[in-house]
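J.: Build the 3D model from these lines:
(one chain, ligands or ions: 1)
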Amino acid sequence: MADETNPFFIVQGQLRRAVDNLDLGEGVYNLLKDPMRVIEVAVPVRMDDDRIETFIGYRSQHTDATGPTKGGIRFHPSVSVDEVKGLSMWMTFKTAVMGLPYGGAKGGVICDPQQMSERELEELSRGYIRRLAPMMGPEVDIPAPDVNTSSQIMGWMLDEFDRVRGQHLPGFITGKPLVLGGSEGRNSATGRGVVFTIAAAARRIGLDLKEATAAIQGFGNVGSYTAHYLDQAGTKVVAVEDVRGGAYNPKGLDVPKLLQYVAEHRTVSGFPGSEPIDTKQLFGLDVDILVPAALENQIDEANARLVKAKIIAEAANGPTTPEGDHLLASRGVFIIPDILCNAGGVTVSYFEWVQNTMGYYWPPQEVDRKLRAMMTKAFDTVYKMKQTHQVSMREAAYLVAVHRVAEAAEARGWVHRKRAPEIPSDQLQAMATTMPEAPASAPVANGP
Ligand code: NAD
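T.: Okay, the predicted model is just below:
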């Protein structure tokens, strides 16, 4: 993997800038520039043709300064140790920007789930957890879904963990089926949160969502729910794309019908009433809002040159390369950085874990109200930081996050900050981990 697209090096650069801006010193940088623990596992799986194949997986636990580590598990052919390490660091900063009582982690298995049967996937999921069980748990490291891992996979993983421990520990994993202690609203949470942050950004730049247009790359969990909630907000979704192709209609796609089509055909490609569109064309569309919701490094310098959107909502993790970011920032595009934009998922995962701990479950409207309140508060905190320090939204998000993690590490005696940063007290207050007052709001549909 080239250095400029390596998530581990990219996040180290982001950390470097935040540490320097806050004048925290080398001790803080050295403590946080590497994960505290990285585990590699080899998982044998008996395939349907009776061959035994060994899959390689990883789990990176970045830091537990602010609480047990937390982060998804992805199944993908391009998983690498550096990708997992980088993603685990982004999780630390994501939970910190939201003020959640977690550190960051990420897991991945090198495999192609499209080529595997359900039984093979179940065996792989169980085997991966058996290998990692001694290093995981509700107060240690808590996984969740990510690319190509569903709530069913979380259900198998929970069952395997419960068997290994001989206990029921629903707080071990989030994003699990409702019947096993999942939370209402978890499936839709990331897309829901993306749209809360888009609404907040639109307000700041005077864009009316009812008059706006959007294009979305990636139409899995995050992309499809983002389309659904943008559609509900009155925004015209004109283009979507997945790994098999794209669908474009300048008059706006019929999102409910598109969701139905994808449920049947497993792709957006060929959606009736749409024209095909490729990635470059989608990024270059004259839309107000562009949502990368697929994988890392999609908006590089070349693609960034094509962008006409006013807002980029980073629903995926690390979708913009540093060069692409620089170019977009110089053109005044309002970028909602990934660690803020897609934090709705981990926030409702936190709600799920809290509910598991209490053994008491909230109705969907309550989850939605709490999520809206937390996303809006985090957005406002980052925006204030941006204004006070005259930096980009991304840099502001890192200032908020790194400040919090460094403060926790110092309180544990792990490091001495060079100097306590001068952050206005109202912003520090906003970073307290207490739940904000949730404003009353109308109940929201459960999603597609
Ligand atoms: P998913 O597997 O459900 O969907 C991924 C989508 O991206 C699919 O539609 C796939 O076809 C598409 N895709 C993959 N490669 C593509 C390419 N080259 N061009 C166009 N489309 C492509 O995954 P997801 O859970 O929706 O995750 C998407 C992104 O959001 C990832 O970066 C993930 O880390 C991030 N994320 C997910 C969550 C969550 O709760 N699921 C939370 C935070 C962040």
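J.: is it true that residue 22 touches residue 405?
T.: No. With contacts counted by CB atoms under 8 Å, residue 22 stays clear of residue 405, the gap being 11.0 Å. Every C-beta, even on glycine, is put in place using the N, C-alpha and C of the backbone.
J.: Help me confirm that residue 290 is found in a helix?
T.: No. Secondary structure of residue 290 (DSSP: H, G, I helix; E, B strand; the rest coil): strand, not part of a helix.
J.: Can you name the residues bridging to it?
T.: residue 215, residue 312 (DSSP bridges).
J.: how close does it get to residue 345?
T.: Residue 290 sits 20 Å away from residue 345, taking CB to CB, to the nearest Å as the criterion.
J.: try residue 247
T.: 25 Å.
J.: Helix, strand, or coil at residue 72?
T.: At residue 72 the chain is in strand, as set by three-state DSSP.
J.: what's the distance between whichever residue of the stretch 151-300 of the chain sits closest to the ligand and residue 78?
T.: Using CB to the nearest ligand atom, the single residue of the stretch 151-300 of the chain nearest to the ligand is residue 220, 1.8 Å away. Separation of residue 220 from residue 78 (CB to CB) stands at 15 Å.
J.: Residue 333 now?
T.: Note on residue 333: its distance to residue 78, by CB to CB, is 27 Å.
J.: Among these two, which residue is more densely surrounded?
T.: residue 333 (19 against 13; other CB atoms under 10 Å).
J.: Give me the neighbour count for the nearest residue to that one once chain neighbours are set aside.
T.: Excluding the flanking residues, the one nearest residue 333 by CB to CB, 6 or more residues apart in numbering is residue 312, at 5.8 Å. By other CB under 10 Å, the residues close to residue 312 number 27.
J.: got it, and residue 53?
T.: 14.
J.: which residues does it form a beta bridge with?
T.: Using DSSP bridges, the bridge partners assigned to residue 53 are residue 45.
J.: Please report the distance of it from residue 114.
T.: Separation of residue 53 from residue 114 (CB to CB): 15 Å.
J.: for residue 136, same thing?
T.: 27 Å.
J.: So between those two, which is more surrounded?
T.: More crowded of residue 136 and residue 114, by other CB under 10 Å: residue 136, with 26 against 11.
J.: how close does that one get to residue 417?
T.: Relative to residue 417, residue 136 is positioned 30 Å away (CB to CB).
J.: got it, and residue 243?
T.: With CB to CB as the criterion, residue 243 and residue 417 are 44 Å apart.
J.: What of residue 213?
T.: Distance, residue 213 to residue 417, by CB to CB: 45 Å.
J.: Same check on residue 308?
T.: Applying CB to CB, the value for residue 308 to residue 417 is 42 Å.
J.: Of those two, give the one with the bigger neighbour count.
T.: Taking other CB under 10 Å, residue 308 and residue 417 do not tie; residue 417 has more neighbours (18 against 13).
J.: before we move on, what SS does the more buried one have?
T.: Under the three-state scheme (three-state DSSP), residue 417 adopts coil.
J.: Contacts only, for it.
T.: Counting by CB atoms under 8 Å, 6 or more residues apart in numbering, residue 417 touches 24-25, 27-28, 406-407, 410.
J.: Turn the residues you listed into TSV, columns for neighbour count, pLDDT and secondary structure.
T.: Formatted as TSV, these follow (neighbours: other CB atoms under 10 Å; pLDDT from 0 to 100; DSSP: H, G, I helix; E, B strand; the rest coil):
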residue	neighbour count	pLDDT	secondary structure
24	26	93	coil
25	16	94	coil
27	17	95	helix
28	26	96	helix
406	29	96	helix
407	21	95	helix
410	18	96	helix
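J.: Between the residues you listed, which sits nearest the ligand?
T.: Lowest distance from the ligand to these (CB to the nearest ligand atom) belongs to residue 406, with 23.8 Å.
J.: Spell out which parts of the stretch 251-400 of the chain neighbour the ligand.
T.: Proximity of the stretch 251-400 of the chain to the ligand (CB under 6 Å from any ligand atom) is limited to residues 279, 293-295, 315-317, 342, 345.
J.: Counting neighbours, which of those end up buried?
T.: 279, 293-295, 315-317, 342, 345 (16 or more other CB atoms under 10 Å).
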